[in-house]
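Visitor: Turn this into a structure:
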Amino acid sequence: MEIIFTTVIIAALIVSSLYVVQKRKKHGLKGIKSALTPICFSLIALLQLAAYWFHFLGVVSVAFTIVLLLAGAYFTKYSIVEKPTSLEECSMELHFSFFRSEWK
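Guide: Here you go, the predicted model:
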């Protein structure tokens, strides 16, 4: 069972890493700040996998996971922001921008 779990986690990490690299190349991103969120989330998976294999699940493992989760959440402000593609999404964006301008 441990081998299957490890294989699935490592395969998912490889696929997600390739996807992130492809998206960053597509958008021309070169800085480290926009890469920190996926790096933190990948490190969470690796940390939990190591904790599972070496039997150090506990307070320290959870504390590191929370720190990495908060760091990843903080750096989402530097993430890729894609423009809406469908007409409905565009109209929703215009609708919300109208209400935001009313409150100023």
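
Visitor: check contacts around Ala51.
Guide: Leu57, Gly58, Ser61 (Cβ atoms under 8 Å, 6 or more residues apart in numbering). C-betas here are computed from N, CA, C, even on glycine.

Visitor: May I have the secondary structure class of it?
Guide: Under DSSP: H, G, I helix; E, B strand; the rest coil, the three-state class of Ala51 is helix.

Visitor: re the thing from before, reformat the contacts of Ala51 as CSV; add pLDDT, secondary structure and distance to Leu70.
Guide: Shown next, in CSV, are the contacts of Ala51 (pLDDT from 0 to 100; DSSP: H, G, I helix; E, B strand; the rest coil; distance: Cβ to Cβ, whole Å):
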residue, pLDDT, secondary structure, distance to Leu70
Leu57, 82, coil, 20
Gly58, 87, coil, 19
Ser61, 92, helix, 15
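
Visitor: report the longest helix in the chain, please.
Guide: helix 2-27 (DSSP state H).

Visitor: picking up where we left off before, now list the buried members of the contacts of Ala51.
Guide: The neighbour-count criterion (16 or more other Cβ atoms under 10 Å) marks Ser61 among these as buried.

Visitor: Can you lay out the contacts of Ala51 as JSON lines showing distance to Leu13?
Guide: Listed next are the contacts of Ala51 as JSON lines, based on distance: Cβ to Cβ, whole Å:
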{"residue": "Leu57", "distance to Leu13": "19"}
{"residue": "Gly58", "distance to Leu13": "23"}
{"residue": "Ser61", "distance to Leu13": "18"}
